[in-house]
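**Q** Sequence and predicted structure below; questions after.
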Amino acid sequence: MLKYTSFFLLFFLFLGSCQQQKEVKVEGDLKKWHRITLNFEGPQASEMDENNPFLNYRLDVTFKNNKKEYIIPGFYATDGNAAETSSSSGNIWQVRFTPDEVGEWSYSVSFKKGDNIAVADNVSNASSASFMDGQAGVFIISESDKTGIDNRAKGRLQYVGESYLKFSESQKYFIKLGVDAPENLLAYIDFDVSTNALGFQKAWEPHAKDFDESATSYLWQNTKGKNLLGAINYLASEELNVFSFLTFNVDGDDRNIFPHLLKVPIEEYEAYSSIKKNKEAWETMFHKTRFDVSKLDQWERVFDYAETKGMFLHFKTHETETDHLMDKGVLGTEGKLYYRELIARFGHHLSMNWNLGEENNQPIDEVKKVANYVSKLDAYNSHLVIHTYPNKDDRYEELIGNQSVLTGASLQLSHPEFNDVHPRVLKWLEKSNATGRKWAIAVDEPGKAKIALLPDDEDPEHNYARSRAMWGTLMAGGYGVEWYFGYASPNSDLTCQDFRSRDLFWDQNKHALRFFNNHIPFWEMEPRDDLTSDDVSYCLAKHEEVYAVYTESGAGNIKLNLGNSNTTFQVKWYNPRLGGDLQDGSITKVKANGIIALGMPPSMNEKDWVVLVKKQ
């Protein structure tokens, strides 16, 4: 009789388990490079549940297509629609995935439970959390239907061991030009639990007129998000392709951006944080391992829209005032969970990087620990960088090559007239190249902190920013520039709500992008300032094939060493101030017979010009 009782007991346990495993709900277009979201019904929980759903449960989903395999972390999603409902409770758990192949994909689910299981190094012996644990399924992916600037038409942007990142679908290399400011872009009044510490909260009202009705589906709660989406649309209309943002600045310069839950009312937090000397908010006013699900879901609406506009998302995960707060500066539960939540919720984006810290000053060993942790967790291997003070760039010496898993640097410079940009990019490209593992390097904060990129009404021509920072970076082999707005002018790094404050300059960025993307194989070229016989020009070359020479002034004095092949080269000129077509100068053809004068530009010899010398 006992054996029959045991049989029926096992049968009912099995039946109960089957009843718990509800059918997965798949959201999104089942197309290559499109985000799909798997929704699972798990245990009923809340953001403040006694059994912390962020820390004591762990969802991982393994996706396979032929030989490809990705293990993607999932996350607690309350009711699965928190951007709209602002819900803080529910039983929905999600995983976001962007497939990179057409055809059949399988998935298998691991859902474990236990104290701090979300940040455990090994879960092989962890207890099952039941529900969707062990669930499996398949789905079929078709080709994307996207075109143009939409990132889904280009594929994932990847570090490929070269100085430039490359889109895996289009196979095109990438140059970024856009905005590094404001760093508190996400201090936006339309997000849930938006605060106004120090008066820096943003409404982005000047960009209300830039909202495109085609973006309506990315709004939340009827009309929220409109102005920030308008700002992104404006940047894209100027052909800029990157913006950056902090995701955590508690006790920092702004103090209004955090993914975590507050312990205290908004008013109490604002009152405390509005006094600059008060810097204990993280220790006293936050639930350090609990997250605001609705706010994070609303962030995702903004990032998702940005993908459609061809934007590179620069995630700055810390600044110098915050990188020592979590776990008191040593990678532990708080920091690991923070990065896991960011990667789980946003790591699927196609064009992005993780920046481990703005003006980072942590011990190098801690930097490496964080980098290893992020690299291991991020199945997509997004570009991984760190930013440091301009006078402390020697820290990179301990990170280049195989000393770390970092794939590049986010450089900060300090000269008021941008004189330090070109040599600094050359320095770190040469040093990283010498290790045999090239870094992809960008200048993400050029200029003196107070001044940087001034508004148009203070500097309408932007001559030094254009010549020494932008062209200085690109001609040195850097893959892009993000513009810092300084702290002393209107629409500054903290106060900016109107990107039109630099509208005249954005056209100059557009002209540079068009030259690089339309006229030269920049990814095959290298900086060769040694080939010109002056000290005021920059040269980028694929020797004996194509040369681009930029000069700030005196274009008629350029002489270029073309070698002695006797090959005929065509000479064309490009106006970096006004863009347009390539133009003829006083000389249209030269032969490679040593050092050759390139003649006069079409006009305005005293201005800056680019001369393109290309083998016929």
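**A** Structure received. No experiment lies behind these values; they were computed from the predicted model shown.
**Q** so where is the chain shaky, pLDDT-wise?
**A** Applying pLDDT under 70 to the chain picks out residues 1-21.
**Q** Find the nearest non-adjacent residue to the one residue sitting closest to the centre of it, please.
**A** For the chain, H314 is the residue whose C-alpha lies nearest the centre (CA atoms, centre = their mean; 2.3 Å). Closest residue to H314 apart from its sequence neighbours, by CB to CB, 6 or more residues apart in numbering: S244 at 3.4 Å. Just so you know, the C-beta spots here come from the backbone N, C-alpha and C atoms, and that holds for glycine as well.
**Q** you'd agree the one you found is up against E482?
**A** Yes. Using CB atoms under 8 Å, S244 makes contact with E482 at a distance of 5.7 Å.
**Q** So between those two, which is more surrounded?
**A** Using other CB atoms under 10 Å, the more surrounded residue of S244 and E482 is S244, with 26 against 23.
**Q** Validate this expectation: the more buried one resides in a strand.
**A** Yes. Assigned with DSSP: H, G, I helix; E, B strand; the rest coil, S244 falls within a strand.
**Q** Give me the distance between it and F303.
**A** 12 Å (CB to CB, to the nearest Å).
**Q** Please, where are all the helices along the stretch 251-400 of the chain?
**A** 266-273, 281-284, 293-308, 333-346, 364-377 (DSSP state H, counting those that start in this stretch).
**Q** Next, format those as a markdown table and append distance to Q583 and mean neighbour count.
**A** Supplementary listing: those in a markdown table, determined by distance: least, CB to CB, whole Å; neighbours: other CB atoms under 10 Å:
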| stretch | distance to Q583 | mean neighbour count |
| --- | --- | --- |
| helix 266-273 | 55 | 16 |
| helix 281-284 | 57 | 16 |
| helix 293-308 | 35 | 23 |
| helix 333-346 | 44 | 22 |
| helix 364-377 | 46 | 18 |
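**Q** Of all those helices, which one is nearest A236?
**A** Between A236 and these, the shortest separation by CB to CB is 8.5 Å, and it involves helix 293-308.
**Q** and that closest one, what does it pack onto?
**A** Under the contact criterion of 3 or more CB pairs under 8 Å, 6 or more residues apart in numbering; DSSP states H and E, helix 293-308 touches helix 82-85, helix 226-237, helix 333-346.
**Q** Can I get these in a markdown table including distance to N122?
**A** Formatted as a markdown table, the helices and strands packed on helix 293-308 follow (distance: least, CB to CB, whole Å):
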| stretch | distance to N122 |
| --- | --- |
| helix 82-85 | 31 |
| helix 226-237 | 41 |
| helix 333-346 | 14 |
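**Q** Quick one: closest of the ones you listed to Y464.
**A** Set against Y464 and scored by CB to CB, these come closest in helix 226-237, at 22.5 Å.
**Q** any residues touching that closest one, and which ones?
**A** Outside helix 226-237, the residues within contact range by CB atoms under 8 Å, 6 or more residues apart in numbering are 149, 178-179, 185, 188, 190, 202-205, 207-212, 215, 218-219, 243, 302, 305-306, 309-311, 499-500.
**Q** thinking again about what came up before, give the contact list for the residue nearest to H314.
**A** 179-180, 183, 185, 314-316, 355, 444, 482 are the contacts of S244 under CB under 8 Å, 6+ apart.
**Q** if we can go back for a sec, dump the residue contacts of the residue nearest to the centre of the chain.
**A** Contacts of H314 were listed using CB under 8 Å, 6+ apart, and they are 180, 242-245, 352-353, 355, 410, 444, 482.
**Q** any idea which helix or strand carries N249?
**A** According to DSSP states H and E, N249 maps onto no helix or strand at all.
**Q** Does it touch N256 like I think?
**A** Yes. Under the criterion of CB under 8 Å, N249 makes contact with N256 at 7.2 Å.
**Q** Which neighbours do these two have in common?
**A** With contacts defined as CB under 8 Å, 6+ apart, the residues shared by N249 and N256 are N184.
**Q** Of these two, give the one with the bigger neighbour count.
**A** A count of neighbours by other CB under 10 Å puts N256 above the other of N249 and N256, at 28 against 25.
**Q** Could I get the contacting residues of that one?
**A** 184, 187, 194-198, 200-201, 249.
**Q** Throw those into a markdown table and include secondary structure and distance to W439, thanks.
**A** What follows is those, written out as a markdown table (DSSP: H, G, I helix; E, B strand; the rest coil; distance: CB to CB, whole Å):
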| residue | secondary structure | distance to W439 |
| --- | --- | --- |
| N184 | coil | 28 |
| A187 | coil | 31 |
| S194 | coil | 37 |
| T195 | coil | 37 |
| N196 | coil | 39 |
| A197 | helix | 36 |
| L198 | helix | 35 |
| F200 | coil | 33 |
| Q201 | coil | 36 |
| N249 | coil | 26 |
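**Q** and the residues you listed as JSON lines, adding distance to D530?
**A** Shown next, in JSON lines, are the contacts of N256 (distance: CB to CB, whole Å):
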{"residue": "N184", "distance to D530": "43"}
{"residue": "A187", "distance to D530": "46"}
{"residue": "S194", "distance to D530": "53"}
{"residue": "T195", "distance to D530": "53"}
{"residue": "N196", "distance to D530": "54"}
{"residue": "A197", "distance to D530": "51"}
{"residue": "L198", "distance to D530": "49"}
{"residue": "F200", "distance to D530": "47"}
{"residue": "Q201", "distance to D530": "51"}
{"residue": "N249", "distance to D530": "43"}
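**Q** gap between L240 and Q508?
**A** As judged by CB to CB, L240 and Q508 stand 11 Å apart.
**Q** hang on, I meant W282
**A** From W282 to Q508 the distance is 41 Å (CB to CB).
**Q** Could you identify the helix or strand that succeeds the helix or strand E482 falls within?
**A** For E482, the host element (DSSP H and E) is strand 480-483. Using DSSP H and E, the helix or strand that follows strand 480-483 in sequence is helix 503-519.
**Q** Whichever helix or strand comes after that next one: how far from the chain's middle?
**A** Counting by DSSP H and E, the element after helix 503-519 in chain order, helix or strand, is strand 526-527. Relative to the centre of its chain, strand 526-527 is centred 25 Å away, using CA atoms, centre = their mean, to the nearest Å.
**Q** what's the closest non-adjacent residue to P206?
**A** Using CB to CB, 6+ apart and skipping the chain neighbours, the partner closest in space to P206 is D498 (3.9 Å).
**Q** so who does the one you found touch?
**A** Going by CB under 8 Å, 6+ apart, the list of residues near D498 reads 206-207, 491.
**Q** can you put the residues you listed in TSV and add distance to S382?
**A** Formatted as TSV, the contacts of D498 follow (distance: CB to CB, whole Å):
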residue	distance to S382
P206	31
H207	27
N491	30
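**Q** Compare those and tell me which has the most neighbours.
**A** Most neighbours among those, by other CB under 10 Å: H207, with 22 neighbours.
**Q** Make sure I have this right: it is in a strand.
**A** No. H207 is assigned helix when assessed by three-state DSSP, not a strand.
**Q** Distance check, it against A231.
**A** Noted for H207: a distance of 4 Å to A231, by CB to CB.
**Q** Overlap of the contact sets of the two?
**A** Shared contacts of H207 and A231 (CB under 8 Å, 6+ apart): F499.
**Q** surely E334 meets T322?
**A** No. Counting by CB under 8 Å, E334 does not reach T322; the two are 11.4 Å apart.
**Q** State the distance from S404 to S273.
**A** S404 sits 34 Å away from S273, going by CB to CB.
**Q** And K448, by the same measure?
**A** Applying CB to CB, the value for K448 to S273 is 28 Å.
**Q** ditto for L612
**A** L612 is 52 Å from S273, by CB to CB.
**Q** what does S170 give?
**A** In terms of CB to CB, S170 sits 44 Å off from S273.
**Q** Then G137?
**A** 46 Å.
**Q** Equivalent analysis for K309, please.
**A** In this view, K309 and S273 are 32 Å apart by CB to CB.
**Q** sorry, back to before: what's the strand holding E482 packed up against?
**A** Counting by 3+ CB pairs under 8 Å, 6+ apart, strand 480-483 packs on strand 176-179, strand 242-246, strand 440-445, helix 471-474.
**Q** can those go into TSV with extra columns for distance to Y269?
**A** Below are the helices and strands packed on strand 480-483 laid out as TSV (distance: least, CB to CB, whole Å):
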stretch	distance to Y269
strand 176-179	28
strand 242-246	17
strand 440-445	28
helix 471-474	39
